[in-house]
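Q: task: produce atomic coordinates for the following.
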Amino acid sequence: MARAKKEITCDAVVVGGGPSGRITALALAKTGVKTALVAPLDAPQDARTTALWKKSIDLLKDLGIWDDILPTAEPLKTMRMIDGSKRLIRSPETLFESAELGVEEFGYNIINAELNNVLAAACSAEENLTCVDDFAENAAFSEEKAVITTKPGTTVSADLAVAADGRNSLLRTSAGIEVKRWSYPQTALVLNLEHTLPHRGISTEFHTPTGPFTLVPLPGRQSSLVCVETAETAGRLKTMDKTLLARELEDRARSILGKFTVISEPQTFPLSGMTAQSVISDRLALIGETAHVFPPVGAQGLNLSMRDIADLISAVAAAQAKGLDIGSPEALRTFEHKRMADIRSRTNAVDILNRSLLTDFLPVQAARSAGMYLAGKIGPFRRLLMREGMAPGTGFQLRP
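A: Down below sits the predicted model:
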């Protein structure tokens with residue numbers, strides 16, 4: 001039986017059911033904005049993991065949902081960088097410890113499915129949020145309104161639309177916002193492991209000639225793995241017998257966590273990058289992977305998206321304080337002004353770091369090695385890097 005068409009009018013409509021979309025919808029609703037979320041109600045069961053840093057956790061605490069997330073999250077207390085290459089110029093092993101900043105942890109690692117389940121439940125329970133259990137099919141924007149139409153024909157009209165519908169965003173395309181895309185000769189193999197030795201809250205990243213090989217703690221004696229390889233090697237690893245795969249990954253990890261057992265289905269993702277030429281248009285704001293995509297280096301992806309959300313909520317609040325509607329040009333320009341410098345600097349930094357792992361150009365290798373050496377030997381420089389990683393933009397402000 002076909003579902004009846006509906007017409008919904010609200011202040012803001014968010015399109016996209018990933019963490020960025022659900023958090024944005026929840027944040028808007030909790031600030032008194034009558035909000036609709038257009039996305040399937042069922043939370044995506046994604047076995048990948050996300051490391052959340054300080055500012056992201058602060059936002060989740062403000063929304064009142066961090067206590068629901070915490071039981072399935074694992075604290076990250078130490079970041080260990082190891083040069084796993086055999087190049088002429090190699091970086092020294094470097095440790096970044098949260099205790100040096102006077103905090104118990106840098107952040108937490110959580111399986112995406114667990115995060116998504118908490119977010120889906122919170123959205124369903126929020127009285128000021130209407131959940132539309134559909135995919136968006138059309139989007140139209142004018143100076144007066146944003147109108148989203150779902151596949152069954154439900155229409156949602158709002159002063160502000162927020163695009164959280166991913167790198168191939170329908171809303172961004174409908175608004176005519178152009179993007180810059182690029183690719184890397186790399187593919188990420190992603191899976192979760194059990195191991196016989198405790199991780200002790202230490203996240204270990206081997207820098208290899210093909211990219212990072214990163215083990216990030218999960219609750220118990222488990223860790224998530226991101227192994228960046230050539231497409232050919234990643235494909236071979238993905239199709240290996242799991243016992244043989246575990247043995248090869250253990251060898252690559254130098255058995256620092258003992259014997260490995262693969263406990264999730266291996267997934268592969270070709271690495272690419274993308275930035276939108278603008279993060280606003282008439283009645284539209286872009287957040288998350290609608291605005292920026294880059295390789296999984298330094299756990300910057302969702303954390304950058306969370307800063308998008310925080311700045312959007314700030315711009316909305318400022319517009320309300322001035323008596324403006326939340327999708328007005330002034331409100332959107334305030335949001336874009338806050339976001340573009342952060343997006344560009346983070347995208348460029350991740351791109352440079354990733355490419356530095358791939359190059360055989362000796363001056364680049366020397367510069368990377370020198371940077372790691374200074375981080376290991378010079379306390380103030382190391383602490384600045386740690387503060388900036390936890391809360392970007394505060395490297396010169398926070399003092400342990």
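
Q: the nearest residue to K6 once chain neighbours are set aside: neighbour count?
A: Once flanking residues are discounted, K6 sits nearest to T154: 4.5 Å by C-beta to C-beta, 6 or more residues apart in numbering. (C-beta placed from N, C-alpha, C; glycine too.) T154 sits with 21 neighbouring residues when counted by other C-beta atoms under 10 Å.

Q: if I look at T154, how far off is Q277?
A: Computed as C-beta to C-beta, to the nearest Å, the T154 to Q277 distance reads 31 Å.

Q: helix, strand or coil for the most centrally placed residue in the chain?
A: Residue closest to the mean C-alpha point of the chain, counted by C-alpha atoms, centre = their mean, is L302 at 1.7 Å. Here L302 is recorded as helix under DSSP: H, G, I helix; E, B strand; the rest coil.

Q: check contacts around it.
A: P19, S20, T50, L52, S56, G288 (C-beta atoms under 8 Å, 6 or more residues apart in numbering).

Q: nearest to R172 among those residues?
A: G288 (11.0 Å; C-beta to C-beta).

Q: tell me which element the residue nearest to that closest one when sequence neighbours are not counted is part of?
A: What sits nearest to G288 in space, not counting adjacent residues and going by C-beta to C-beta, 6+ apart, is S20, at 3.5 Å. Using DSSP states H and E, the element containing S20 is helix 19-30.

Q: ok, now I82?
A: strand 78-83.

Q: show me where the chain has helices.
A: Applying DSSP state H to the chain gives helices spanning 19-30, 54-62, 66-69, 112-125, 170-174, 231-238, 242-252, 301-321, 329-358, 362-377, 379-390.

Q: now do the buried residues in the fifth one.
A: The one in question is helix 170-174. L170, L171, R172, S174 (16 or more other C-beta atoms under 10 Å).

Q: only alpha carbons, please: show it as PDB.
A: Taking C-alpha atoms only, helix 170-174 is exported to PDB below (Å, rounded to 0.1, in the frame of the first residue of the first chain):
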ATOM      1  CA  LEU A 170      21.700  15.500  -3.700                       C
ATOM      2  CA  LEU A 171      21.200  18.800  -1.900                       C
ATOM      3  CA  ARG A 172      24.600  20.200  -2.800                       C
ATOM      4  CA  THR A 173      24.200  19.200  -6.500                       C
ATOM      5  CA  SER A 174      20.600  20.600  -6.500                       C
END
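
Q: name the residues that touch that helix?
A: Residues contacting helix 170-174 (C-beta under 8 Å, 6+ apart): 15, 136-141, 148, 161, 163, 165, 179, 276, 284, 286, 290.

Q: just the buried ones from those?
A: 15, 136, 139-141, 148, 161, 163, 165, 179, 276, 284, 286, 290.

Q: spit out the contact partners of T233.
A: With C-beta under 8 Å, 6+ apart, T233 has these contacts: T210.

Q: no, scratch that, I was asking about I263
A: I263 neighbours (C-beta under 8 Å, 6+ apart): L191, N192, L193, E194, Q222.

Q: ok so, going back, between the buried residues of helix 170-174, which is closest to L60?
A: L171 (24.7 Å).

Q: quick one: A125 from C131, how far?
A: Taking C-beta to C-beta, one finds A125 at 10 Å from C131.

Q: between the two, point out the one with more neighbours.
A: C131 (19 against 9).

Q: which stretches of the stretch 1-150 of the chain have low pLDDT?
A: The stretch 1-150 of the chain contains residues with pLDDT under 70 at 1-5, 84-92.

Q: go again using 50 as the cut-off
A: 1-2, 88-89 (pLDDT under 50).

Q: got the domain boundaries for the protein?
A: 7-45+112-180+273-358, 68-111+184-271+374-390 (automatic domain parsing).

Q: switch these over to CSV; also include distance to D62.
A: Shown next, in CSV, are the domains of the chain (distance: least, C-beta to C-beta, whole Å):
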stretch, distance to D62
domain 7-45+112-180+273-358, 8
domain 68-111+184-271+374-390, 13
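
Q: out of these, which is the most enclosed?
A: domain 7-45+112-180+273-358 (a mean of 20; mean count of other C-beta atoms under 10 Å).

Q: where does the stretch 151-300 of the chain dip in pLDDT?
A: Scanning the stretch 151-300 of the chain residue by residue, none of them satisfies pLDDT under 50.

Q: and the gap between the closest residue to G301 other than its chain neighbours and M274?
A: Computed as C-beta to C-beta, 6+ apart, the closest residue to G301 that is not its neighbour in sequence is F294, at 7.2 Å. Distance, F294 to M274, using C-beta to C-beta: 8 Å.

Q: same deal with L115?
A: 23 Å.

Q: give me every residue that touches A318.
A: A331, T334.

Q: measure it to A12 for me?
A: Taken as C-beta to C-beta, the span from A318 to A12 is 15 Å.

Q: doesn't E289 make contact with the residue nearest to G288?
A: Yes - the pair S20 / E289 is scored as a contact, 7.4 Å apart, by C-beta atoms under 8 Å.

Q: mind listing the shared neighbours of those two?
A: S305.

Q: which residues are in contact with M340?
A: Counted by C-beta under 8 Å, 6+ apart, M340 has contacts V279.

Q: wait, what's in contact with A12?
A: 28, 33-36, 158-162, 316, 326-327.

Q: partners of it in the sheet?
A: T35, L160 (DSSP bridges).

Q: what bridges to the nearest residue in space to F213 that is not next to it in sequence?
A: The spatial neighbour of F213 that comes closest, neighbours along the chain excluded (C-beta to C-beta, 6+ apart), is F206 at 4.2 Å. On the basis of DSSP bridges, F206 is bridged to I82, F213.

Q: so F206 sits right up against L225, yeah?
A: No - using C-beta under 8 Å as the test, F206 is too far from L225 to be in contact (10.8 Å).

Q: contacting residues for the nearest residue to I256 once chain neighbours are set aside?
A: Closest residue to I256 apart from its sequence neighbours, by C-beta to C-beta, 6+ apart: T204 at 6.4 Å. Counting by C-beta under 8 Å, 6+ apart, T204 makes contact with R80, I82, T214, L215, A253, I256.

Q: widest-spaced pair of those?
A: T214 and I256 (12.4 Å).

Q: longest strand of this protein?
A: strand 179-195 (DSSP state E).
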